[in-house]
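Enquirer: Quick one: sequence and predicted model below, then my questions.
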Amino acid sequence: MLSSATAYQRPRWILPTVVFAQFACTSLWFAGNAVLPDLLREVRLAGTSLGAVVSAVQLGFIVGTLVFGLLQLADKVAPARLFLWCAVAGSLTNAALLLPEPTPALVLGLRFATGLCLAGIYPVGMKIAADYYENGLGRALGYLVGALVLGTALPHLLRLLAADLSWKAVVLTTSGLALAGGLLLWLLVPNGPFRRPGARLQLRAAWAVFREGPFRRAALGYFGHMWELYTFWAFVPLLLATHAQLHPESGAFGPGWAFGLIAAGAPACVLGGYLAQRWGSLGTARGALAISGACCLLSPLLLALPRPAFGAVVLVWGMAVVADSPQFSAVVAQRAPATATGTALTLVTCLGFALTIVSLQAFAALQGQVEARYLFLLLVPGPVLGLLATQAARARISSS
C-alpha cells in the first residue's frame, strides 16, 4: 500500500472516467424526471402525482444509502464492481418504465428501485475518488459534484432543446448512458492505491464515526448546506416566476434561465476545487455557504431588483449554493477512519438527503400561507447552522 500521493502516478484517464460515469449514471435520477409528466399522461395513471413519483426516487436513495452504510458495502466490495452492479440494475429499472400498461404501484416501485441503485453510484463515486486522491481530494470531488449538477440541470435543458423528443427515447437513452458509464468505470478504474478494505461487519461501527468531533462538525456543515441546496433547486422556477410577477414589464423567464441558474453550479464546483488548494476545503466550503446564506437572507430585496441585477445576483447564488458540497464531502472523507471512508460518505449523504425532504416539505407547506417573496427566508437556518457548526472546527481542520 502506498503511503503518499507523490509515490503514485495516476493514469490521466482516471478522473475523467469517474466524472463521466457519475454524470451518465445520475442521469437516471434527473433526466428521468423530465419525461415523467409525459409518461403519466400517456399511460393515464390516474391518482399518481408527479411529486409522488419524484419523491419515490428520493426515498429509495435514502433507504439505499442507509442500508449500504450499515452493511459497509462501499468498504467491503470493490467500489468499481459495486458501481457497475448498481449501474446495470438502475438502467434496467429505468428501462422498465417502458413495460406495457404499467400500474401506479409499478411506476412508484420502479422509481423507488432506481433510487436504491443510485445509492451505489453517487456516494460510491466519491469513495472511488477518495481512493485515488489522498491529497487534492477537494479538487477531484469538485469535478464529480459538477457532473451531478449538470445532471440536475439536464431536465430543464431537455425541455428547452428537445420538446418534441419522445419520452420513450429519453428513457432508453438514459438507460443506455448509465450502462455505458458503469461499464467504462469498471473497465478503466481499478481499486485505488489508497483504498483500505473495511474491517469485519459491525453495525455499530457504521455510526461510530460520528463520535469524532472534527468529523461530526464537518457533517453538520454538510447538513446545513443540504437544507438549502435541493429546496433552492426545486423552487428555482418559483423564484423566477415571483420576480416576473413583481416586474410584469420584464416578461416571463424561459426554461433556459432555470437551466442556467442550476448549471452554473457545475463550473463553480470545479473552481471551488482549485480554490481549496489555496484556502483549504473547509475554508472554501464556509465561504460558499456564507455567500449563499447571505442570498437567502437578502432574497426579498433581491426580488425587488430590476432583471439585469437580479439575474446577476441569482447567478452567483446558483454557483455558491452547491460549490461547498464537494468541499464538505472532502472534509468528511478526510476526517473519517481510513477503513470506513465509504461508509462515512454514504451515511452522511443519506442523512443529508433525508434532511432535504424536511426542507422541501416545509417550503411546500408554507407556499399557501406566506407571500412568495418571503418564502426563501426559510432556507436561512441551514447556512447559519452550518457556519456555526464548523466555526469550532475552523482552526482544527486544515486544507485538503
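Expert: Alright, I've got the coordinates. Fair warning: this is a prediction, and the values are worked out from it, not measured in the lab.

Enquirer: Could you pull out the helices in the stretch 251-400 of the chain for me?
Expert: For the stretch 251-400 of the chain, applying DSSP state H, counting those that start in this stretch gives helices covering 255-263, 265-279, 281-297, 299-302, 307-323, 325-335, 341-366, 381-391.

Enquirer: what comes into contact with the second one?
Expert: Contacts of helix 265-279 from elsewhere in the structure, counted by Cβ atoms under 8 Å, 6 or more residues apart in numbering, are 136, 138-143, 145-147, 149-150, 152-153, 283-285, 287-288, 318-327, 330, 399-400. C-betas here are computed from N, CA, C, even on glycine.

Enquirer: tell me which element Thr26 falls in.
Expert: Using DSSP states H and E, Thr26 maps to helix 14-43.

Enquirer: Pull the helix or strand just after that helix out as PDB, backbone CA atoms only.
Expert: Counting by DSSP H and E, the next helix or strand C-terminal to helix 14-43 is helix 50-71. Extracted in PDB, the C-alpha atoms of helix 50-71 (Å, rounded to 0.1, in the frame of the first residue of the first chain):
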ATOM      1  CA  LEU A  50     -45.500  13.800 -10.400                       C
ATOM      2  CA  GLY A  51     -44.500  14.800  -6.800                       C
ATOM      3  CA  ALA A  52     -45.100  11.200  -5.600                       C
ATOM      4  CA  VAL A  53     -43.100   9.700  -8.400                       C
ATOM      5  CA  VAL A  54     -40.200  12.100  -7.800                       C
ATOM      6  CA  SER A  55     -40.400  11.500  -4.000                       C
ATOM      7  CA  ALA A  56     -40.200   7.800  -4.600                       C
ATOM      8  CA  VAL A  57     -36.700   8.200  -6.100                       C
ATOM      9  CA  GLN A  58     -35.600  10.300  -3.200                       C
ATOM     10  CA  LEU A  59     -36.900   7.800  -0.700                       C
ATOM     11  CA  GLY A  60     -35.300   4.900  -2.500                       C
ATOM     12  CA  PHE A  61     -32.000   6.800  -2.400                       C
ATOM     13  CA  ILE A  62     -32.300   7.500   1.300                       C
ATOM     14  CA  VAL A  63     -33.100   3.900   2.100                       C
ATOM     15  CA  GLY A  64     -30.400   2.600  -0.100                       C
ATOM     16  CA  THR A  65     -27.700   4.800   1.400                       C
ATOM     17  CA  LEU A  66     -28.800   3.800   4.900                       C
ATOM     18  CA  VAL A  67     -28.600   0.100   4.000                       C
ATOM     19  CA  PHE A  68     -25.300   0.500   2.100                       C
ATOM     20  CA  GLY A  69     -23.900   2.400   5.100                       C
ATOM     21  CA  LEU A  70     -25.000  -0.100   7.700                       C
ATOM     22  CA  LEU A  71     -23.700  -3.000   5.700                       C
END
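
Enquirer: distance between helix 50-71 and the chain's centre?
Expert: In terms of Cα atoms, centre = their mean, to the nearest Å, the centre of helix 50-71 is found 13 Å from the chain centre.

Enquirer: other SSEs contacting it?
Expert: Packing contacts for helix 50-71, counted by 3 or more Cβ pairs under 8 Å, 6 or more residues apart in numbering; DSSP states H and E, involve helix 14-43, helix 104-118, helix 122-132, helix 203-208, helix 341-366.

Enquirer: Pull out the buried positions in it.
Expert: Going by neighbour count (16 or more other Cβ atoms under 10 Å), the buried part of helix 50-71 is 53-66, 68-71.

Enquirer: which ones are touching Gly182?
Expert: Counting by Cβ under 8 Å, 6+ apart, Gly182 touches 21, 24-25, 83-84, 86-88, 91.

Enquirer: where's Ala130 relative to Arg335, distance?
Expert: 12 Å (Cβ to Cβ, to the nearest Å).

Enquirer: Next, give phi and psi for Gly280.
Expert: For Gly280, the backbone dihedrals are phi 90, psi 150 (criterion: degrees, to the nearest 10).

Enquirer: Ser281 reaches Arg335, doesn't it?
Expert: No. Ser281 lies out of contact with Arg335 (Cβ atoms under 8 Å); the separation is 10.4 Å.

Enquirer: More neighbours: which of those two?
Expert: Taking other Cβ atoms under 10 Å, Ser281 and Arg335 do not tie; Ser281 has more neighbours (32 against 22).

Enquirer: where does that one land on pLDDT?
Expert: For Ser281, the pLDDT comes out at 87.

Enquirer: now the one 5 residues further on
Expert: You'll see Arg286 listed with a pLDDT of 94.

Enquirer: Glu101: which element?
Expert: Take DSSP H and E as the rule and Glu101 turns out to sit in neither a helix nor a strand.

Enquirer: tally of neighbours for the nearest residue to Ser329 once chain neighbours are set aside?
Expert: Closest residue in space to Ser329, ignoring its immediate chain neighbours: Leu141 at 5.3 Å, by Cβ to Cβ, 6 or more residues apart in numbering. Using other Cβ under 10 Å, Leu141 has 30 neighbouring residues.

Enquirer: Neighbours of the closest residue to Ala219 other than its chain neighbours, how many?
Expert: Among residues not flanking Ala219 along the chain, Val348 sits closest, at 5.0 Å (Cβ to Cβ, 6+ apart). Val348: 27 surrounding residues under other Cβ under 10 Å.

Enquirer: hang on, isn't Val348 packed against Leu220?
Expert: No. Using Cβ under 8 Å, Val348 is not in contact with Leu220, being 9.8 Å away.

Enquirer: Give me the domain ranges for the chain.
Expert: Here the domain assignment for the chain is 12-202, 207-391, based on automatic domain parsing.

Enquirer: Out of these, name the one with the poorest average pLDDT.
Expert: Of all those, the minimum mean pLDDT falls on domain 12-202 (a mean of 79).

Enquirer: What is the distance between that domain and the centre of its chain?
Expert: That offset, for domain 12-202, works out to 11 Å (Cα atoms, centre = their mean).

Enquirer: cool, stretch 292-307 as well?
Expert: Centre-to-centre, stretch 292-307 and its host chain are 24 Å apart (Cα atoms, centre = their mean).

Enquirer: what's it in contact with?
Expert: Here stretch 292-307 has contacts from 228, 232, 239, 242-243, 246-247, 250, 310, 313-314, 316-317, 320-321, 324, 373-374, 376-377, 379-380, 382-384, 386-387, using Cβ under 8 Å, 6+ apart.
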